[in-house]
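[1] Predicted structure and sequence below. I'll ask about it afterward.
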Amino acid sequence: MERLSAEIELVKRKYPTLQSGEGNQWLMIAEYPLPQGWNQEKTRVLFIVPPEYPHRPPDNFYVDIGLRIAATSQMPSNYSEGQSPIGGQWGTFSFHAEVWQPAPEIEKGDNMVTFLIAVRLRLQELN
């Protein structure tokens with residue numbers, strides 16, 4: 001739990017709108033700036049912290065419903081709508097870390113910040 005609290009503080013440095021809920025079982029960035037090419041400038045980004053964290057990474061991430069590729073108005077690949085991990089309607093990106101190697105020292109291995117870097121890369125793909 002101490003590690004997760006430290007990681008939350010690291011994430012807050014980059015995303016000050018970070019919120020957590022239910023004993024840090026989920027984390028949400030209330031105003032996540034989207035890369036160009038989406039039909040929205042920002043969205044909420046939510047992810048669930050697995051009980052086995054940090055040995056197991058977060059799996060999937062959620063955004064505000066209605067996210068579309070601006071040029072085509074189509075939904076991106078590996079995305080569906082209607083999921084409600086904490087209530088309400090959400091869009092879900094099926095997203096799984098290909099490599100996850102946490103280290104005893106947070107900054108020397110994978111952590112919530114590196115997960116969010118991967119989320120950003122996925123959102124830059126626009127497909």
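    Everything's here; your move.

[2] From now on I want contacts and neighbour counts done on CA atoms only, so please keep to that.
    OK.

[3] who touches stretch 37-52?
    For stretch 37-52, contacts defined as Cα atoms under 8 Å, 6 or more residues apart in numbering pick out 24-35, 56-64, 67-71, 73, 126.

[4] Among these, name the buried ones.
    Buried by 16 or more other Cα atoms under 10 Å: 26-30, 32, 34, 57-58, 60-64, 67-69, 126, out of the contacts of stretch 37-52.

[5] At which residues are the strands of the chain located?
    Counting by DSSP state E, the chain has strands at residues 18-21, 26-33, 42-48, 59-64, 79-83, 90-96.

[6] Could you tell me the least trusted of those strands?
    When these are ranked by mean pLDDT, strand 79-83 comes last with a mean of 89.

[7] Which strands and helices lie in contact with that strand?
    Contact here means 3 or more Cα pairs under 8 Å, 6 or more residues apart in numbering; DSSP states H and E; on that basis strand 79-83 packs against strand 90-96.

[8] quick one: the strand it packs on to strand 42-48, angle?
    60 degrees (axes from the mean of the first three to the mean of the last three Cα atoms, to 10 degrees).

[9] what angle do strand 90-96 and strand 59-64 make?
    160 degrees.

[10] Tell me which strands strand 90-96 pairs with, and in which orientation.
    Applying DSSP bridges, strand 90-96 is found paired with strand 59-64 (antiparallel), strand 79-83 (antiparallel).

[11] Please tell me how far the longest one is from the chain's geometric centre.
    When you say that, I think you mean strand 59-64. 6 Å (Cα atoms, centre = their mean, to the nearest Å).

[12] C-alpha coordinates for the helix or strand of the chain with the lowest mean pLDDT, CSV please?
    In the chain, no helix or strand scores lower on mean pLDDT, DSSP states H and E than strand 79-83, which sits at a mean of 89. The C-alpha trace of strand 79-83 is given here as CSV (Å, rounded to 0.1, in the frame of the first residue of the first chain):
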residue,chain,number,x,y,z
TYR,A,79,-12.4,-0.2,-28.2
SER,A,80,-16.0,-0.8,-27.0
GLU,A,81,-18.6,1.2,-25.1
GLY,A,82,-21.0,0.5,-22.3
GLN,A,83,-18.5,-0.8,-19.6
